[in-house]
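K.L.:
Give me the fold of what follows.
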Amino acid sequence: MEGWTNTGGRIETSLDEKGKERKVELLSGEYLHEPTTCTKCGVMGRLYRHGTKVTTYADVPAREMPTKLEATVRRYRCRDCGETFLQPLGGVLEDRRMTERCADYIAKNALEFTFALVAKRYGVDEKTVRAVAAERMADLTASHKPKLPRVLGIDETKIAGELRLVLTDVERRKLLDMLPARDKDTLATWLGHFRDRSKVEVVTIDMWRPYWRLARELLPQAAVVVDKFHILRMAGEAMDQVRIRLARVKQDEVRRHWMRSKVQLQKRPHNLTEKQRFNLGMWLDNEPEIAAAYRAKEAFYDIFDMPKDEAIQAFDGYAASVPASVKAEFKPLLTAMRNWRTEILAIFDHPFTNAYTESLNSLTKHIVKAGRGYSFEVLRARILSSYAEEAKKPLRFEFLLKNAGNPCGNCGLPCRAEDMHPVTLPPMVRGQRAKRALVCALCEARFNTETLKAHRKPSTR
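P.N.:
Predicted coordinates:
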């Protein structure tokens with residue numbers, strides 16, 4: 001770390017709570033910069049050394065073992081007030097008893113690994129990891145400001161026992177946000193944060209009326225598209241229900257064989273192997289009702305491979321083409337086709353689906369499983385850090401400081417880094433803008449309003 005000098009090191013071995021041997025690397029160091037002002041009374045140049053104290057701080061692991069920094073901290077006494085204080089250290093967090101880089105690494109790893117694993121790796125308490133991670137997650141949540149996309153995907157997934165709302169940018173394949181509840185009010189509040197919602201041109205949803213009503217209310221200019229794979233899945237499930245109904249009256253051996261061979265019914269014909277195609281033909285020849293359900297399923301799938309005009313005609317005539325023997329199983333599909341006709345056919349004008357959103361839901365389940373028992377806020381922060389678009393930070397020039405020899409922004413005298421203070425320099429002429437600068441301790445008092453008022457002579461009026 002900058003401003004520190006290494007004075008040695010050693011490796012200590014101890015036993016943990018389970019009796020296992022644990023090695024810790026101890027690095028000894030001293031902070032080179034000495035204070036010039038008393039931290040108690042603020043007087044400059046009236047200090048003298050008054051002993052030392054060794055303080056231990058957690059640091060970044062080295063050589064696959066936890067590392068501690070043993071800092072030899074100097075003690076000072078002020079000749080004016082008589083109080084003693086410890087040397088202010090740079091690069092450490094006194095309240096956490098760890099270095100700043102250690103806290104950064106913990107916060108970063110806590111978004112990916114379990115708190116217990118991070119605590120073991122860094123040699124700190126799990127509660128400390130939770131506290132550091134909570135600060136990082138709060139910053140991540142505060143800085144997460146998504147923008148409305150052209151194609152908005154709306155779906156849900158189960159996290160921590162409840163359905164959560166998932167919002168994605170379907171076109172750019174990015175996670176926008178994850179909300180704590182799947183209801184109309186939660187989505188309305190999220191959309192209400194955006195003043196200009198005209199950018200959204202397409203909304204992809206599953207067949208849930210609250211999504212549709214809210215899209216029509218808050219996004220009237222957007223075309224609503226029902227996810228094609230939801231409606232296709234209903235056709236596959238209808239065919240499978242026919243297989244299950246017929247298998248109930250079959251022998252156990254036949255029922256098990258049908259169960260193992262059902263993939264032949266679910267696959268499209270062009271995806272079958274030669275052997276699967278032969279076995280499927282034998283199956284359909286011997287089971288007329290399964291053949292009827294299979295052909296009805298394939299006929300529905302074929303609609304989405306047709307040109308728009310032909311597809312609309314086939315879509316409207318599909319209900320009449322379903323055989324009466326399997327119509328009971330296909331009734332949910334036919335009802336959805338009638339109730340969601342406009343939104344289903346909208347895919348021919350707007351070829352977007354929720355495939356990315358569904359795949360994202362599958363990926364997030366691995367994060368949820370690894371963080372079993374964690375709160376939704378923790379899991380949401382982990383998911384956003386993995387799949388959401390990183391917020392773009394504005395480009396700014398920071399002050400480039402050396403350990404010593406930095407010119408004061410006001411008087412120009414060389415100063416050490418710890419003796420400089422940020423202030424705002426007022427404009428010298430009319431029309432000039434104020435600017436930020438670093439000045440020495442003496443010049444800083446001139447810019448401190450309270451200090452100026454304390455030394456101002458009373459008025460003679």
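K.L.:
what are the ranges of the helices in the stretch 351-461 of the chain?
P.N.:
With DSSP state H, counting those that start in this stretch as the criterion, the stretch 351-461 of the chain has helices at 355-370, 376-387, 441-447, 449-455.
K.L.:
what do you get for the stretch 201-350 of the chain?
P.N.:
Shown for the stretch 201-350 of the chain, the helices assigned by DSSP H, counting those that start in this stretch span residues 209-218, 228-247, 252-260, 263-266, 274-286, 288-303, 308-316, 318-321, 327-339, 341-345.
K.L.:
domains in this protein, as residue ranges please.
P.N.:
Here the domain assignment for the chain is 4-141, 151-227+353-387, 240-348, 406-455, based on automatic domain parsing.
K.L.:
what about the nearest residue to residue 91 once chain neighbours are set aside, distance to residue 68?
P.N.:
The shortest distance from residue 91 to any non-neighbouring residue, by CB to CB, 6 or more residues apart in numbering, is to residue 1 (4.2 Å). From N, CA and C alone the C-beta is placed, and that goes for glycine too. Relative to residue 68, residue 1 is positioned 14 Å away (criterion: CB to CB, to the nearest Å).
K.L.:
And these two? Which one has more around it.
P.N.:
For residue 1 against residue 68, the residue with the higher neighbour count under other CB atoms under 10 Å is residue 68, and the figures read 23 against 17.
K.L.:
where does this protein have low pLDDT?
P.N.:
Confidence mapping of the chain against pLDDT under 70 gives the ranges 16-17, 390-401, 426-433, 446-461.
K.L.:
Name the single longest strand found in it.
P.N.:
Ordering each strand of the chain by length in residues (DSSP state E) puts strand 47-62 first.
K.L.:
list the residues that contact both of residue 1 and residue 68?
P.N.:
Common neighbours of residue 1 and residue 68, using CB atoms under 8 Å, 6 or more residues apart in numbering, do not exist here.
K.L.:
Save the helices of the stretch 351-461 of the chain as CSV, and put in mean neighbour count too.
P.N.:
Rendered in CSV, the data for the helices of the stretch 351-461 of the chain read as follows (neighbours: other CB atoms under 10 Å):
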stretch, mean neighbour count
helix 355-370, 16
helix 376-387, 20
helix 441-447, 16
helix 449-455, 9
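K.L.:
Make CSV out of these and add distance to residue 286.
P.N.:
Formatted as CSV, the helices of the stretch 351-461 of the chain follow (distance: least, CB to CB, whole Å):
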stretch, distance to residue 286
helix 355-370, 36
helix 376-387, 48
helix 441-447, 93
helix 449-455, 94
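K.L.:
Check which residues of the helix or strand following the longest strand of the chain are buried.
P.N.:
The helix or strand immediately downstream of strand 47-62 is strand 65-78, counting by DSSP states H and E. By neighbour count, with 16 or more other CB atoms under 10 Å as the criterion, the buried positions of strand 65-78 are 66-71, 73-74, 76-78.
K.L.:
which ones are touching residue 408?
P.N.:
Residue 408 sits next to 414-415, 420, 438-440, 443 when contact means CB under 8 Å, 6+ apart.
K.L.:
if I look at it, how far off is residue 88?
P.N.:
Between residue 408 and residue 88 the computed distance is 20 Å (CB to CB).
K.L.:
just residue 308 next, same as before
P.N.:
Taking CB to CB as the criterion, residue 308 is separated from residue 88 by 72 Å.
K.L.:
Looking only at neighbour counts, state which of these two leads.
P.N.:
residue 88 (16 against 11).
K.L.:
so which strand or helix has that one?
P.N.:
Element membership for residue 88, per DSSP H and E: none, as it lies in no helix or strand.
K.L.:
Ok, which of the helices of the stretch 201-350 of the chain comes nearest residue 126?
P.N.:
Each of the helices of the stretch 201-350 of the chain has some distance to residue 126 by CB to CB; the shortest is helix 209-218, at 39.9 Å.
K.L.:
Please name every helix or strand in contact with the closest one.
P.N.:
The contact analysis (3 or more CB pairs under 8 Å, 6 or more residues apart in numbering; DSSP states H and E) places helix 209-218 against helix 184-192, strand 202-205, strand 223-226.
K.L.:
what about 6 Å?
P.N.:
For helix 209-218, the packing partners by 3 or more CB pairs under 6 Å, 6 or more residues apart in numbering; DSSP states H and E come out as helix 184-192.
K.L.:
and the helix it packs on, how far from the chain's centre?
P.N.:
How far helix 184-192 lies from its chain's middle: 20 Å, per CA atoms, centre = their mean, to the nearest Å.
K.L.:
Specify the angle between it and helix 209-218 in degrees.
P.N.:
Inter-element angle recorded for helix 184-192 and helix 209-218: 30 degrees (by axes from the mean of the first three to the mean of the last three CA atoms, to 10 degrees).
K.L.:
Can you name the residues in contact with helix 184-192?
P.N.:
Contacts of helix 184-192 from elsewhere in the structure, counted by CB atoms under 6 Å, 6 or more residues apart in numbering, are 165, 179, 210, 214, 218.
K.L.:
Just the buried residues from these, in PyMOL please.
P.N.:
In PyMOL, the members of the contacts of helix 184-192 classed as buried (16+ other CB under 10 Å) are selected with the following command:
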select buried, resi 165+179+214+218
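K.L.:
Out of the contacts of helix 184-192, flag the one nearest to residue 101.
P.N.:
Taking CB to CB as the measure, residue 101 sits nearest to residue 179 out of the contacts of helix 184-192, at 34.2 Å.
K.L.:
Is the closest one in contact with residue 167, as I believe?
P.N.:
No. Using CB atoms under 6 Å as the test, residue 179 is too far from residue 167 to be in contact (7.2 Å).
K.L.:
excluding its backbone neighbours, what's nearest the residue most central in space within the chain?
P.N.:
Nearest to the geometric centre of the chain sits residue 384, at 1.4 Å (CA atoms, centre = their mean). Across the structure, with CB to CB, 6+ apart as the measure, the residue nearest residue 384 apart from its sequence neighbours is residue 144 (5.9 Å).
K.L.:
Torsion angles phi and psi at that neighbour?
P.N.:
Backbone torsions of residue 144, given as degrees, to the nearest 10, read phi -80, psi 110.
K.L.:
That one: how many residues sit nearby?
P.N.:
For residue 144, the count of nearby residues is 17 (other CB under 10 Å).
K.L.:
Tell me the helices and strands packed up against the longest strand of the chain.
P.N.:
Counting contacts by 3+ CB pairs under 6 Å, 6+ apart, the secondary-structure elements packed against strand 47-62 are strand 65-78, strand 98-99, helix 100-110.
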